[in-house]
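[1] heads up, no residue letters with this:
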């Protein structure tokens, strides 16, 4: 069975641009969560979605948004990119919203110039 | 919100040594997991352990939920154990600690 898949793996953008990152969960998992990890720090929680509804939001500006589709895949959108948005963006899936083991994808590494 | 503290922040050991990594959390949690992050950034699942004790080869973990801490034990360390170890907890949000950076010297 395929694990959590993310795309693209690497991308370079310039300040002010928009980016869309994609995540496909493990088959049978209904919850997807997104994280930002800057160099030298632990992952920071951005969003959790379960059954297409937002179930949690971290301390990120409104430039960050996400959605979950009927097939449980998810997109993370970031508008008006800043240099500080350069980071590894990680997606995780789990079976449930409140409990259940998280499984992570390999991440999308975003560089903003 | 919930606070997660990992200790020590850095640990340097000789190959073959044993180590104990600690994760303290400030409130009750639904989930607790330990991860190893490889040099390419992938988070590798080690243990899903909201409570109790589990073992997997040279690694074991114990969570005492009533006292709000978890321990990860690594025995007979190998150079491939090097990297960053994170614990992550969940109540209404999923919160990671800052990690323990482990260096195993040959």
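    Alright, I've got the coordinates. Predicted model only: the values in this text are computed from it and were never measured. Numbering: from 1, shown residues only, chains lettered A, B, ... in the order given.
[2] which parts of chain A sit against chain B?
    A:33, A:35, A:37, A:41-45, A:48, A:56, A:58, A:88, A:90, A:92, A:98-104, A:106-107, A:109 (Cβ under 8 Å from any Cβ of the partner chain). No exception for glycine: its C-beta is placed from N, CA and C like everyone else's.
[3] Repeat the analysis, applying 6 Å as the threshold.
    For chain A, the residues in contact with chain B (Cβ under 6 Å from any Cβ of the partner chain) are A:42-43, A:45, A:56, A:88, A:98-99, A:101, A:104, A:106-107.
[4] May I ask which of those residues has the most neighbours?
    With neighbours taken as other Cβ atoms under 10 Å in any protein chain shown, the top of the residues of chain A next to chain B is residue A:43, carrying 28 neighbours.
[5] Wait, that one touches residue A:35, no?
    Yes. Shown here, residue A:43 and residue A:35 form a contact pair, counting by Cβ atoms under 6 Å, at 3.8 Å.
[6] any residues in contact with both of the two?
    Jointly contacting residue A:43 and residue A:35 under the rule Cβ atoms under 6 Å, 6 or more residues apart in numbering or on different chains are residue A:90.
[7] Could you check how far the spatially closest residue to residue A:28 that is not a sequence neighbour is from residue B:91?
    Leaving aside its sequence neighbours, residue A:28 sits nearest to residue A:95 (Cβ to Cβ, 6 or more residues apart in numbering or on different chains; 6.8 Å). Note on residue A:95: its distance to residue B:91, by Cβ to Cβ, to the nearest Å, is 18 Å.
[8] buried ones in the helix or strand of chain A with the lowest mean pLDDT?
    In chain A, the helix or strand scored least confidently by mean pLDDT, DSSP states H and E is strand A:53-57, which has a mean of 93. Buried residues in strand A:53-57, defined by neighbour count with 16 or more other Cβ atoms under 10 Å in any protein chain shown: A:55-56.
[9] Centre of the chain to it, how far?
    Centroid displacement of strand A:53-57 relative to its chain, using Cα atoms, centre = their mean, to the nearest Å, is 13 Å.
[10] what helix or strand does the residue most central in space within chain A sit in?
    The centroid of chain A falls nearest to residue A:34 when counting by Cα atoms, centre = their mean (3.2 Å). Using DSSP states H and E, residue A:34 sits within strand A:31-37.
[11] Now do that strand: everything it contacts.
    With Cβ under 6 Å, 6+ apart, strand A:31-37 has contacts from A:23, A:25, A:43-50, A:66, A:68, A:74, A:76, A:87-94, A:97.
[12] and the residue lying closest to residue A:101 once chain neighbours are set aside, what are its bridge partners?
    Excluding its sequence neighbours, the residue lying closest to residue A:101 (Cβ to Cβ, 6+ apart) is residue B:48, at 4.0 Å. Bridge pairing for residue B:48 (DSSP bridges) gives the partners residue B:33.
[13] interface residues of chain B facing chain A?
    Close to chain A, as judged by Cβ under 6 Å from any Cβ, chain B has residues B:30-31, B:41-43, B:48, B:86, B:93-94, B:96-99.
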